[in-house]
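Visitor: Output the structure for:
(2 chains)
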Amino acid sequence: MSWIEDLISPKTRKWEEFYHNRFQHDKTVRSTHGVNCTGGCSWNIHVKDGIVVWETQALDYPLLEKSLPPYEPRGCQRGISYSWYLYSPIRVKYPLIRGALVDLFREEKRKTGDPVIAWQNIQSNPKKRKRYQNARGKGGFRRIKWDEALEIIGAANISTVKKYGPDRIIGFSPIPAMSMISYAAGSRFLQLMGGVNLSFYDWYCDLPNSYPEVWGEQTDVCESADWYNSKFIAVMGANLGMTRTPDVHFFSESRHNGTKTVVLSPDFSMVSKYADQWIPLHAGQDGAFWMAVTHVILKEFHYDKKIEYFIDYVKKYTDCPFLVELVKDKDGYVAGKMLRANKVKQYEKIENGDWKFLNIDEKSGELVCPGGSSGHRWDGKDGNWNMKYEDAENGKKYEPVLSLIDKNDEICQVTFDDFSKTKKSQRGVPVKHIDTLNGKVTVATIYDVLMAQYGIDRGLGGDYPTSYNDNEQTYTPAWQELYTGISKETVIQFAREWSVTAEKTNGKCMIIIGAGINHWFHNNLIYRAGTMALIFTGCVGKNGGGINHYVGQEKLAPMDSWGSIMSGKDWQPAVRLQQAPIWHYINSDQWRYDGNQADYNTVPENELSQQHTADLVAKAVKNGWMPFYPQYNKSNLDIVKDAQNDGAIEDDDIKKHIVDKLKSKELIHSVTDPDNEINFPRVWFIWRGNALMSSAKGHEYFLKHYLGTHHNDVAEESGKDFVKDLIWKDKGAEGKMDLVVDLNFRMDTSALYSDIVLPAASWYEKSDLNSTDMHSFIHPLDAAIPPVWEAKSDWEIFREIAKSTSKLAETHMPDPVKDVVNVPLQHDTKAEISQTDIKDWSKGECEPIPGKTMHGLAIVERDYTQIYNKFISLGENIRNGLGAHGNSYQCEDIYEEMLEDRDHVQEINGVTYPSLKDDREACEAIMQLSTLTNGELSHRAYVNAEKRTGMKLTDLIDGSQEKRISYKDLQIQPQRYNNSPLWSGLMNNGRAYTAYSYNVERLVPWRTLTGRQHLYLDHEGYIKFGENLPTYKPSPKPEAYGELKVSVAEGKARVLNVLTPHGKWHIHSTYGDTLRMLSLSRGMEPCWLSETDADEMGIEDNDWVEVFNDNGVYCTRACVSSRIPKGICIVYHSPERTYTQPKSQVRGNRRGGGHNSFTRVHLKPNLLMGGYGQFTFHFNYWGPVGVNRDTHVIVKKMTKVVF
Amino acid sequence: MDIRSQIGMVFHLDKCIGCHTCSIACKNIWTDRKGAEYMWWNNVETKPGTGYPTKWEDQGIYKGGWEKLGKSLKLAGAGKAKGIGNIFHNPNMPTVGDYYEPWTYNYENLFNAPEGDDQPVARPISLITGENIDVMAGPNWDDDLSGSKDYARQDVNLDKVTEQEKEAMFQLERMAMFYLPRICNHCLNPACVAACPSGAIYKRGEDGIVLINQNKCRAWRMCVTACPYKKSYYNWKGGKSEKCILCFPRLESGQIPACMHSCVGRIRYLGAMLYDADRIKEIATCDETEIVRKQREIYLDPFDEKVIAEAKKNGIADSTIEAAQKSPVWKFVKKWEIALPLHPEFRTMPNLFYVPPLLPAMASVENSKYRSTSESLWAGIEKSRLPAEYLASLFSAGNTGVINNVLKKLMAVRLHRRDVTVGDLSDKEIEFALKDTGLTGEIADDIFRLTSLPRYNERFIIPPAHKEEAKELLINTDDLKGGGGFGFKTGTERIP
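Guide: The predicted model follows:
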């Protein structure tokens, strides 16, 4: 075309420098975003004229196997928005304090001249206390100097320790892996003080309880590259495009490599778009679907075809061949506990015989005691903790009997619960009668019990379903139609394709799962239902297989060395790590609003299952199943002093004194009297997280009971008639917290409601480390620029708080004191074989024995003048070695080596220590001392593991023994870390990490009762709550859940199930307030409604609506979409109440809240059990989780919008 | 023959996540300033939907692109002559309302609010007027079928499907959506260039990038109307029009455009193609049904000796020819014919090509039970949730045959790879699929590799820029090396 000419002339193109100039910049620095998105993406931060201008993704991840797509690039729309925050108007630039508080403090300090006394005077004056508590969240911030802020915080710390003891000082910070040094900063400070860290993974409801149940593992999953190895991927409760943005390419790339992809999701979600098949089952009914899938798998591939690979797999790697006792109850036989080895004559005297279990040998028909059980793990004798087909007690080889169908003594009719229809079925099971020391007992293999539970009719008589079309009996394809709305044909085809794929590929079927499932009340059952389909087809511990749960950046790779530094264990033996869900349930008084859990939790009727959750929490605390801090209705320092005054000298005398006081009930556990001011938590540090909004299930109860300020809950208290062990006060205490301190780079909801806000360095302004489940690299956060304005890194802030606290201690607590620490029974210690039955010492059912029938007691000496000195130096306990997950290794030589680096040591009271004074030094210490980043240490850990298991393992570190990764290496390029017995996936030669390949290939047991994968859970509490077998339970009914007692749907308003899955425009609440994300979304987080529901409610797209129930209200706009099914609405997690939130019409013109305004904590009681194999507490590993998916709300159109 | 080199692009829509990382990569570098807030040189749309600016595809409203008049072409809306006559009133231009009124929030209130009886909050305020604003539209307002009644159902491409099919597309068993990322197409026959009364817009000789000279632009805004993709934007503060520059400062230093660098779905490919400029008119005026096939013809085989000779004659560097030979775009567009231009009927001959998406198979609802079963492991493309007419309206000027061919090829590749990696399907099914699409196992493997496994340096082949030559025409290179960058930064009207 004549008018279109290509232009070359440099002269006319000189103007092009207009854009050249913009692009030119001075440097790039590698960093990342510590935001618990699980992405763990490496970024290049671009700096121009000393200003961060933009960020681009790093592309230089080391390559894995050639057959796998590369990791580059990683990083999403949210991460790339981060630079907006640095200089934005929402940035916290200076220390801020609530005006009302600082006025009171200054006045008192002027009067007394002493900050600690000043603080005490405010706290002892109810009127003054109320004055500033009531102002929380209502404006009136004032800028103050760092020194004054630190002095007030130090005064609150010392005052609290003096009056109440250190366990009233609490800290919350989530998910260390995302910036592990910053996490460690606060936790190290708190633990050196004797304070408390709240857990996060369970509180966020990210912890999949089924993992501890089945594998004794917190969570262990494949890295995202391994998705590509799968040949059949089923996705549920995870919206990969939305939430696994940097990883989802592996999913679509796998699809183009011939992998079948299926998505289970009620709404047409982003990931549904990529699937070959979208299965829109009813929300929360995934468990029913999987129970039926497994029914088809067992019927066709286990019973009809008996696929050899599948049968061999379950024999070798699961509890299926183990024997379970069938006991008679009023309805006939029911499945009870596994048969203990010491119940039979031949094993009567063996060590830990209560914790060893039995199989039948195929050849001889005799009982055998396989190695690898928890009893073998904690034996005095080494070498029997493995999964070889060998009787560990006599060395005889055996082949286990999987089913007694061909060689039984009898077919017994056994009773099974059908919770879907609340009925019982009798089904024939082949059994043997075994002579025990207590006479004959009837036993079956777990495999046979499962076949009956799943309703596989093998001609044994009883209430078996007649065919796939039988919808009366569990768990057929026709049965599941009633709950899922998905046709039986769909299920049958799915199960067949799944099984054929698994058979042809030796286990390359995978489930990718996420919060969309894990946040349901019965999440553990839904997960287990899916897991059964995987295990029965041999898909766990295989590349391309497994149930891969991605909910939170829980994988802190160098856990072994980090664990010690973060908890101050380099200085002291015991820590206070608190299970957060029970803590908030009790302390924020949400238990008062809860009725009897049995009204909404489907359970069999028995004395255990009918109790109020709070009473069960109290039992769990006293029995040592769960920790609880504050500990007692008296300062722990005073308790020890009392003991000493009564003549106790040695630690054991002090402990005995305490046990006596507990027994006589002179000393009361705080958990039973949470509204007594003596038991209040007092000082709360929040950092790296939005504790008052994002994760605050029952947010409005936090405002009321913790903060003592305005709130929007109108719920009725209904606990009074049900609780027996908790002390009921007529009014729940309000304003329990004396001081809330928030470290933040932005003004989020938590900052807005805190008393003091400290300006924290952002992720482009400090040194830190990052690791994740999604890939197998460790990489840094690094300072592209120094902290802006008056910001400081978290490490520096807590160091300075330690300094001001220690300084005040010189006057107020100059001498060392002794503290007693309650230690729960711990997983991966011998305490996991301590309680075979549920017995409550406080009710006289047994003697209180610390560490056995009750929690342990540890005596710790604290010198508050030395907190700062300890904080900045690495203590000598490191010389004794390190470890985690039951592994250990020596590292004294490395400690010595660190002392030789004279530029990085501290001289304290005449002794030299490695320095931890700045964040960079802490990074180096972790990497020097971890098996993940120091090959020699990994080798040592394998040597120890060889001893314990009797298996050859050290070859796994061949080629990497010399490898040592330093911080500088990370600045250059992300580094793939070593194989280590700390983790269960093998990564040699670029192989993708997948969980349990170590167990499957090396026969190293799982950390469970039998050492195998547990399909059967024989804890007494599980039997009584009806969850010993994989099963289906219906979701709690809204009318019983208790959140719509006061609120009514008037006019056109409707009750809907509100789902709060992770959203597209924020990672939790971060990024959601950036201009970028707000521009690309709707300027706020709307409430998504189906077209039908919206029509019925008279709501048009973009209309303002209120989303509310008795707990509170969120005001927002409607987003009406055909991709949403009727009956549910979606408010994506997690908006803030800081922007565009108008005043609520249904709550008297008070500002609306956020997505946690309409939630309240409901805990599932069987997850409290402890002291029993994999059912034993570990921080963030075990305990009830903060579910919220079953919440119902009323959605109502707003007629007037007022800001 | 008049051979030139053009940077082309392929976006693989089956891999697109709809994450918008590309949009922000671009915004951070190029449009994060006053007057440019509302510009999204790179944006991503949910389809079906009306996009940004709303209903941009509807040339009945915007009069963009070319109209065919017999054997010649004319600009549909804003010709130079017509434009000058319309200086003060150009009725075909999108208004702020069609884009959106950019806004921010009074975040300061959270810090500065005095103590009161309720919680302070940050309200939205207009970035144009500074007043409180009720947010009613944004650059991605109908994301993921937001407000589907008001937006998705109004997609102009749905005019090509029956009313019944259209309604079905919003029901469970048939529901569909996908993402369409868009940047400037750096067209071979750009309407913006033709429409500019100031002659400010040009195609760069070495790579075909279309640029608006910021010195010469006189704010006529004819390019805004003329571009049928609405990818030219008027900077209301600085009074110049601006558009995607394909990150030429990055390309010239061997880096790919920021949107492609940041594409975490790994959907984007970039590479050079040689084309015959002599054939532009002929092809731009061809019959609509032929337009996809014809546009493919203009790109020449970079291995053909004759083409190489002609290219050299035209001054195209050896390094550019080599780059064209390695170009992934060439493979997708010409060799495998699985990437298609967006709305070729606009006749601008865009250089951005899309691999259309596969979606989950259609299901049925019987007795209120949802059934999604298939005869084999995968349902055939006839069970696609998107009517071929709909995709054809987007990518082939209505020719459904073109669409079906591409989709069948994509399925054949998957069947072949299933056979290689699992082997649970019948040989007959695999053979038929390959034969039906004219693929061999080897080609299928090549397509698979470039789709699933490519590394950075396989997705992007950038022809070297030879800046030394470009600069040498101006001044001595020694001076430039030692003296480059010295001197005061001179501001523009926009950036002080």
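Visitor: Quick check: which ranges of the chain have low pLDDT?
Guide: Since no chain was named, I'll use chain A. A:1-5 (pLDDT under 70).
Visitor: I was thinking of chain B, sorry if that wasn't clear
Guide: B:78-90, B:471-479, B:490-496.
Visitor: top helix in it by residue count?
Guide: Assignment by DSSP state H gives helix B:400-421 as the longest helix of chain B.
Visitor: roughly how far apart are the residue of the stretch 101-250 of chain B found nearest chain A and A:Cys846?
Guide: Residue nearest to chain A within the stretch 101-250 of chain B (C-beta to the nearest C-beta): B:Glu115, separated by 3.0 Å. All C-beta atoms are positioned from the backbone trio N, CA, C, and that covers glycine. According to C-beta to C-beta, to the nearest Å, B:Glu115 and A:Cys846 sit 55 Å apart.
Visitor: what residues does the stretch 751-900 of chain A put near chain B?
Guide: Applying C-beta under 8 Å from any C-beta of the partner chain, one finds that the stretch 751-900 of chain A approaches chain B through A:Leu752.
Visitor: all helices for the stretch 751-900 of chain A, in order.
Guide: Taking DSSP state H, counting those that start in this stretch as the criterion, the stretch 751-900 of chain A carries its helices at A:794-812, A:867-871, A:892-900.
Visitor: where along the stretch 101-250 of chain B do the helices fall?
Guide: B:108-112, B:163-168, B:191-195, B:222-226, B:248-251.
Visitor: ignore the last one, the stretch 601-750 of chain A
Guide: Going by DSSP H, counting those that start in this stretch, the stretch 601-750 of chain A shows helices at A:613-622, A:636-645, A:651-663, A:699-701, A:749-753.
Visitor: Show me the contact partners of the fourth one.
Guide: Looking back up the chat, that one is helix A:699-701. A:588-590, A:593, A:692-693, A:711-713, A:1111-1112, A:1153-1154, A:1156-1157, A:1159-1160 (C-beta atoms under 8 Å, 6 or more residues apart in numbering or on different chains).
Visitor: check contacts around A:Ser77.
Guide: Ser isn't right for residue A:77; it's Gln. A:Thr245, A:Lys1064, A:Trp1065, A:Arg1076, A:Met1077, A:Leu1080, B:Cys19, B:His20, B:Thr21, B:Ser23, B:Ile24.
Visitor: now do 6 Å
Guide: Listed by C-beta atoms under 6 Å, 6 or more residues apart in numbering or on different chains, the contact set of A:Gln77 reads B:Cys19, B:His20, B:Thr21, B:Ile24.
Visitor: got a markdown table for those residues, with neighbour count too?
Guide: Output for the contacts of A:Gln77, formatted as a markdown table (neighbours: other C-beta atoms under 10 Å in any protein chain shown):
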| residue | neighbour count |
| --- | --- |
| B:Cys19 | 28 |
| B:His20 | 31 |
| B:Thr21 | 29 |
| B:Ile24 | 32 |
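Visitor: what would these look like in JSON lines with distance to chain A?
Guide: Below are the contacts of A:Gln77 laid out as JSON lines (distance: C-beta to the nearest C-beta, whole Å):
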{"residue": "B:Cys19", "distance to chain A": "5"}
{"residue": "B:His20", "distance to chain A": "4"}
{"residue": "B:Thr21", "distance to chain A": "4"}
{"residue": "B:Ile24", "distance to chain A": "5"}
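Visitor: Looking at those, which are in strands?
Guide: Taking DSSP state E, every one of the contacts of A:Gln77 sits outside strands.
Visitor: if we can go back for a sec, how about the CA coordinates for the longest helix of chain B, as CSV?
Guide: Extracted C-alpha coordinates of helix B:400-421, given in CSV (Å, rounded to 0.1, in the frame of the first residue of the first chain):
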residue,chain,number,x,y,z
THR,B,400,-15.6,-23.2,10.5
GLY,B,401,-13.6,-25.6,8.4
VAL,B,402,-10.4,-23.8,9.4
ILE,B,403,-11.3,-24.0,13.1
ASN,B,404,-12.2,-27.7,13.0
ASN,B,405,-9.0,-28.5,11.2
VAL,B,406,-7.0,-26.9,14.0
LEU,B,407,-8.9,-28.5,16.8
LYS,B,408,-8.6,-31.9,15.2
LYS,B,409,-4.9,-31.5,15.0
LEU,B,410,-4.6,-30.6,18.6
MET,B,411,-6.6,-33.7,19.5
ALA,B,412,-4.5,-35.9,17.2
VAL,B,413,-1.4,-34.7,19.0
ARG,B,414,-2.8,-35.7,22.3
LEU,B,415,-4.0,-39.1,21.1
HIS,B,416,-0.6,-39.8,19.7
ARG,B,417,1.1,-38.7,23.0
ARG,B,418,-1.3,-40.9,25.0
ASP,B,419,-0.3,-43.8,22.8
VAL,B,420,3.4,-43.1,23.4
THR,B,421,3.1,-42.6,27.1
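Visitor: packing partners for the helix or strand just after it?
Guide: Counting by DSSP states H and E, the element after helix B:400-421 in chain order, helix or strand, is helix B:427-437. Helices and strands touching helix B:427-437, by 3 or more C-beta pairs under 6 Å, 6 or more residues apart in numbering or on different chains; DSSP states H and E, are helix B:400-421.
Visitor: Run through who's touching the strand of greatest length in chain A.
Guide: Secondary structure of chain A per DSSP E: the longest strand is strand A:423-436. With contact meaning C-beta under 6 Å, 6+ apart, strand A:423-436 is reached by A:343-344, A:404-405, A:408-418, A:440-444, A:448, A:452, A:460-464.
Visitor: Which of those residues fall in helices?
Guide: Those of the contacts of strand A:423-436 lying in helices (DSSP H): A:Asp448, A:Ala452.
Visitor: Whichever of the contacts of strand A:423-436 end up buried, select them in ChimeraX.
Guide: With 16 or more other C-beta atoms under 10 Å in any protein chain shown as the criterion, this ChimeraX line picks the buried residues out of the contacts of strand A:423-436:
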select /A:343,344,404,405,408,411,412,413,414,415,416,417,418,441,442,443,444,448,452,460,462,463,464
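Visitor: out of the contacts of strand A:423-436, who's near chain B?
Guide: Among the contacts of strand A:423-436, no residue sits close to chain B (C-beta under 6 Å from any C-beta of the partner chain).
Visitor: Can you tell me which of the contacts of strand A:423-436 end up in strands?
Guide: Per DSSP E, the contacts of strand A:423-436 map to strands at A:410-418, A:440-444.
Visitor: Including mean neighbour count, could the helices of the stretch 751-900 of chain A go into CSV?
Guide: Supplementary listing: the helices of the stretch 751-900 of chain A in CSV, determined by neighbours: other C-beta under 10 Å:
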stretch, mean neighbour count
helix A:794-812, 22
helix A:867-871, 23
helix A:892-900, 15
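Visitor: for those helices, which one sits closest to A:Trp203?
Guide: helix A:794-812 (19.9 Å; C-beta to C-beta).
Visitor: Quick check: closest non-adjacent residue to the spatially most central residue of chain A.
Guide: Central residue of chain A (C-alpha atoms, centre = their mean): A:Tyr201, 2.2 Å from the mean position. What sits nearest to A:Tyr201 in space, not counting adjacent residues and going by C-beta to C-beta, 6 or more residues apart in numbering or on different chains, is A:Asn1180, at 4.0 Å.
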